[in-house]
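Engineer: fold the following, please.
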Amino acid sequence: LPVFLHEFLILYSVTDSTHMLTTQGNNGLSLLEMDQEVLPTLLPSKVTEVEGCIRMYEEMYRLKGKEGLRQRQEQQEQMVRAVYDLASEQLKRFDELKELKQHQEFQDLQEVMEKSLKETQGQQEKLKEEHRHRAKVLNLKLREAEQQRQRQEELERLRKEEGQERLRRLYSIQEEVLQLNQQIDPNYRHKDLPKIDLSAYSSRGNQICGLVSGLIRTTSERGFPTQVDVANTERALQEMRGLISSMQQEIAAAVEEKKRRDEEEKRQKQQELLKKSQMKAQSTAPAQLPGGKQTKEGLQVKTDESIMRWYQELQDAANQCVTSFSEISNCKDNEVKKIKTDLQKAATIPVSQISTIAGSQLREIFDKINNLLSGKSVQSGGRSVSVTQHPQGLDFVYYKLAEKFVSQGEEEVASHREAAFPIAVVASGIWEIHPRVGDLFLAHLHKKCPYSVPFYPAFKEGTSMEEYQRMLGYQFKDSKIEEQDHFLKRMSGLIRLYAAIIQLRWPYGNRQGTHPHGLSYGWRWLAQMLNMEPLADVTATLLFGFLEVCGNALMKQYQIQFWKMMLLIREDYFPRIEAITSSGQMGSLMRFKQFLEECLQKKEIPLPKGFLQPSFWRS
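Structural biologist: Okay, the predicted model is just below:
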C-alpha cells in the first residue's frame, strides 16, 4: 500500500503537472512528453486505476470538505443561536430592569402623591384650625376693643408722664453740667504761676454744654426724649465730671511747675507781621478796583467821635459795675462764696435753657429771670436764691446775666443761627424792664466784637501782639490764635444776636412804650459801617449776617431809604470790599453778593429762618 500510495502521488503529481502544462498551450513541452523521456510508458490499466484512485481521493476530500463545511456551518449556526439566545436573555434582563425601574418610579410617584395629599390635607386642617383660631381671636379682639382703647389711653398717659420725667431729668442734667462748667475758669491764676491755661477744659466744657443743649433741642423737636437721650446726657454729665476732675489734677500738678517757655521772639515776629498787615488794611489810600479804576475817596478809618463817646461810656459803666460788686467777687468767706455761686447759677442757667421748644417754656424762663432781678426768691439747684442775700447781689447778677447773653451769641447762635431769636426776645424783654442789663449787654458785646460799635482798634506802639489781637476780638488757646473761620463764625453769631434784639420785643410786656434799643440803632450801625473803609473777610461777613436777620424789619421801617442803601452797597461799597479781598477769602463775599442780587431783583427781603411766628407763643 505505501508503494501504491507513493506511485499514486507521483502519478497524481505528473497528471496534475500535465494538466497544467496542457492548459498553457504550446509554450513548452508537456509534462507527459517529459515523463515519456524520463519514465517508461505506463500501462493503460494502471492509469485507469490511478484515475479511479484520484477520483476516489477527490471525492473523499470533497466529502471531507463538505463535512467540514457542514460542521463549520453548524458551529456558526450554534454560535449565532448562542449569540441570539444571549442577546435575547440580555434584552429580557433589560426589559425586566426597565419594567422594574418604571415600577419603582411609579411607586415613588405614588408615594410622593400620597405624601403631597397628606400634606395638603394637613395644611387644609391647619388652615381650618387657623381660621377657627383667627375667628376666635377676632371675637376676642372685638370684645376687648374698648378695653384696648382704654389701655392705650393709659399707656399714652404713662408715656407722656415718663417723657416729661425724662425731660425734667435732661433739664436737671443740663443744669448740673452748666454748674460744673462754671467751675472752669479759663483765666484762672495761681500766686506761684504766671498763668494756668484752662482753655482746653473750657472749650471742651462748652462743647459738652453745647452737646447737651443740642440733644435737648433735637428731642424737643421730635417730642419727648427717649431713654437713649437720657443715657447720652448722663454720659455727657459723667464726662463733664471727669473733665472737672482732670482739670483739678492739672491745676495741682501745675502748682509744682516754676517756669514756662519764653516765646517773646516769636510774639515779636507776629507783632511785626500783624502791624504791617493792619497798617495796610487801614490805609486811607484809595483801593484799586478791577480794571484799573479807583474807588471813591473820603471813607473814614475811625469811628465818629459821638459813637466812640457812647462806646466809652458803656465800658466805663461796665467797669464801675465790676467795682461795685468787688466785695462779693473777691471775698474769701465760704458763705459769701456760696451766695455768689448760687446767684451766678440762678442768672446764667436759665439763659442756657432758652430754646424754641415752646412759647410757654420761654415765658417761664423769662419770669424766672425777671423775678430774680426784681428781688424775688427763685429756685436754683434745689435751693431758694435771691439778690437780697447780699448788698452787691443785684449788680453781680446784672453783670453775669448780660455776660451770659453775649456768650450765648458767640457760642449758641454761632452754631445754630435760628437760636438768635428766642435768646433775643428774652434779652429784649429783660432790657426793657431792667435797662442796666441792656447797657452791660452792649458793653460786653462791644468788648467781644468791636465791629458791633462799629470800631476798628488801631495798633499802638508798645502793645503786644497778643493783646492787640484780643482787642480785635480774637481768642487764644495755648498762646495760639484761633482759626480765621472760627473767629468769623463767632463774630457772625454776635452780630446776628444784636440784629435780632433790635427788632424784637417781649410779647407780654408793655406795648405802649418804645423799644429800648430799636431799629434806629441798627440803621445807625449800618450807616456807620458803610462810612468806614471795609476790612477783608470781616465786613462782608458782618453785613451779610446783619441784613439777613433784620433786613426784613429795616425794609418795612425805612422802605425807599432802605432800598437806596442797598443800591449804595451794591454799586459803591461792594466793589471796595471786593478790591481788598484775596482769592482765599471769597466765600463770605460771594454769599453776600448773592444775597444782595436776589433781594434787589425781587425787591423783597425774606423773613429770616427761625423767626418766631405768633403761633409759637400759643405752644
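
Engineer: do you know how far residue 444 is from residue 437?
Structural biologist: Distance, residue 444 to residue 437, by Cβ to Cβ, to the nearest Å: 10 Å. Using the backbone N, CA and C atoms, a C-beta is placed for each residue, glycine as well.

Engineer: let me fix that: residue 131
Structural biologist: Computed as Cβ to Cβ, the residue 131 to residue 437 distance reads 75 Å.

Engineer: of these two, who's got more company?
Structural biologist: The residue with more neighbours, out of residue 131 and residue 437, is residue 437; 22 against 10, by other Cβ atoms under 10 Å.

Engineer: helix or strand for that one, just tell me which one.
Structural biologist: Element membership for residue 437 (DSSP states H and E) is helix 435-448.

Engineer: after that helix comes which helix or strand?
Structural biologist: The next secondary structure element downstream of helix 435-448 (using DSSP H and E) turns out to be helix 465-471.

Engineer: name the helices or strands packed onto that following helix?
Structural biologist: Using 3 or more Cβ pairs under 8 Å, 6 or more residues apart in numbering; DSSP states H and E as the contact test, the elements touching helix 465-471 are helix 264-281, strand 476-477.

Engineer: how many neighbours does residue 440 have?
Structural biologist: Summarising burial for residue 440: neighbours were counted as other Cβ under 10 Å, giving 26.

Engineer: go on, residue 358?
Structural biologist: Burial of residue 358 is recorded as 14 neighbouring residues (other Cβ under 10 Å).

Engineer: got phi/psi on it?
Structural biologist: Torsion angles at residue 358 (phi, psi; degrees, to the nearest 10) stand at phi -160, psi 150.

Engineer: could you find the closest non-adjacent residue to it?
Structural biologist: Beyond its immediate neighbours in the sequence, the residue positioned closest to residue 358 (Cβ to Cβ, 6 or more residues apart in numbering) is residue 619, lying 4.3 Å away.

Engineer: output the lowest mean pLDDT helix or strand found in this structure.
Structural biologist: Least confident helix or strand of the chain, by mean pLDDT, DSSP states H and E, is helix 31-38 with a mean of 47.

Engineer: who are the packing partners of the next helix-or-strand element following that one?
Structural biologist: Going down the chain from helix 31-38, the next helix or strand is helix 44-181, by DSSP H and E. Helices and strands in packing contact with helix 44-181 are listed as helix 2-23, helix 199-222, helix 227-254, helix 334-352; criterion 3+ Cβ pairs under 8 Å, 6+ apart.

Engineer: pLDDT on helix 44-181, on average?
Structural biologist: Model confidence over helix 44-181, given as mean pLDDT, is 87.

Engineer: can you list residues touching both of residue 444 and residue 437?
Structural biologist: Common contacts of residue 444 and residue 437 (Cβ atoms under 8 Å, 6 or more residues apart in numbering): residue 402.

Engineer: tally of neighbours for residue 439?
Structural biologist: For residue 439, the count of nearby residues is 20 (other Cβ under 10 Å).

Engineer: that one: what's it in contact with?
Structural biologist: Residue 439 sits next to 314, 317, 318 when contact means Cβ under 8 Å, 6+ apart.

Engineer: quick one: low-confidence ranges for the stretch 301-450 of the chain?
Structural biologist: In the predicted model of the stretch 301-450 of the chain, residues 301-302 satisfy pLDDT under 70.

Engineer: in the stretch 451-600 of the chain, which spans are helices?
Structural biologist: Remark: helices assigned in the stretch 451-600 of the chain by DSSP state H, counting those that start in this stretch are 465-471, 484-501, 519-530, 538-558, 560-568, 574-579, 586-602.

Engineer: got the buried residues for the third one?
Structural biologist: Within helix 519-530, the residues that count as buried by 16 or more other Cβ atoms under 10 Å are 519, 522, 523, 525, 526, 528, 529, 530.

Engineer: now do the fifth one
Structural biologist: Of the residues in helix 560-568, those buried under the neighbour-count criterion (16+ other Cβ under 10 Å) are 562, 565, 566.

Engineer: thinking again about what came up before, so which of the helices of the stretch 451-600 of the chain is nearest residue 168?
Structural biologist: Judged by Cβ to Cβ, the one of the helices of the stretch 451-600 of the chain that comes nearest to residue 168 is helix 484-501, at 28.3 Å.

Engineer: tell me the contacts of the closest residue to residue 589 other than its chain neighbours?
Structural biologist: Leaving aside its chain neighbours, residue 589 sits nearest to residue 540 (4.7 Å; criterion: Cβ to Cβ, 6+ apart). For residue 540, the contacting residues are 534, 577, 581, 588, 589, 591, 592, by Cβ under 8 Å, 6+ apart.

Engineer: next, work out how far apart the last one and residue 343 are.
Structural biologist: Same thing as residue 592. Note on residue 592: its distance to residue 343, by Cβ to Cβ, is 42 Å.

Engineer: quick one: contacts for residue 443?
Structural biologist: Contact partners of residue 443, counting by Cβ under 8 Å, 6+ apart, are 314, 315, 317, 318, 402.

Engineer: state the pLDDT value of residue 194.
Structural biologist: Among the per-residue scores, residue 194 holds a pLDDT of 54.

Engineer: which one of the contacts of residue 443 is nearest residue 78?
Structural biologist: Minimum distance to residue 78 across the contacts of residue 443 is 131.9 Å, recorded for residue 402 (Cβ to Cβ).

Engineer: not counting its neighbours along the chain, what's nearest the closest one?
Structural biologist: Leaving out its chain neighbours, residue 402 is closest to residue 440 (Cβ to Cβ, 6+ apart), at 3.5 Å.

Engineer: gap between the two ends of stretch 457-469?
Structural biologist: Its first and final residues considered, stretch 457-469 spans 9 Å by Cα to Cα, to the nearest Å.

Engineer: the stretch 301-450 of the chain: helices as residue ranges?
Structural biologist: Secondary structure of the stretch 301-450 of the chain (DSSP H, counting those that start in this stretch): helices located at 305-324, 326-330, 334-352, 359-373, 393-408, 414-415, 420-433, 435-448.

Engineer: for residue 607, find the nearest of the ones you listed.
Structural biologist: When the helices of the stretch 301-450 of the chain are compared for distance to residue 607 using Cβ to Cβ, the nearest one is helix 420-433, at 10.4 Å.

Engineer: picking that back up, so the residue nearest to residue 589 versus residue 471, what's the distance?
Structural biologist: Between residue 540 and residue 471 the distance, using Cβ to Cβ, works out to 21 Å.

Engineer: and for residue 481?
Structural biologist: Counting by Cβ to Cβ, the separation of residue 481 from residue 471 is 13 Å.

Engineer: check residue 246 too.
Structural biologist: Taking Cβ to Cβ as the measure, residue 246 and residue 471 are separated by 32 Å.

Engineer: between the two, which is the more surrounded one?
Structural biologist: The residue with the greater number of neighbours, taking residue 246 and residue 471 and applying other Cβ under 10 Å, is residue 471; the counts read 17 against 13.

Engineer: residue 471 contacts residue 450, doesn't it?
Structural biologist: Yes: with contact defined as Cβ atoms under 8 Å, residue 471 reaches residue 450; the gap is 7.0 Å.

Engineer: what sits in contact with each of those two?
Structural biologist: Taking Cβ under 8 Å, 6+ apart as the contact rule, residue 471 and residue 450 both touch residue 457.

Engineer: sorry, back to before: just name the closest of the contacts of residue 439 to residue 67, please.
Structural biologist: residue 318 (151.2 Å).

Engineer: can you tell me which residues contact the closest one?
Structural biologist: Residues near residue 318 by Cβ under 8 Å, 6+ apart: 399, 439, 440, 443, 444, 447.

Engineer: touching, the fifth one and residue 402? I think so.
Structural biologist: What that stands for is residue 444. Yes: with contacts defined as Cβ under 8 Å, residue 444 counts as touching residue 402 at a distance of 5.5 Å.
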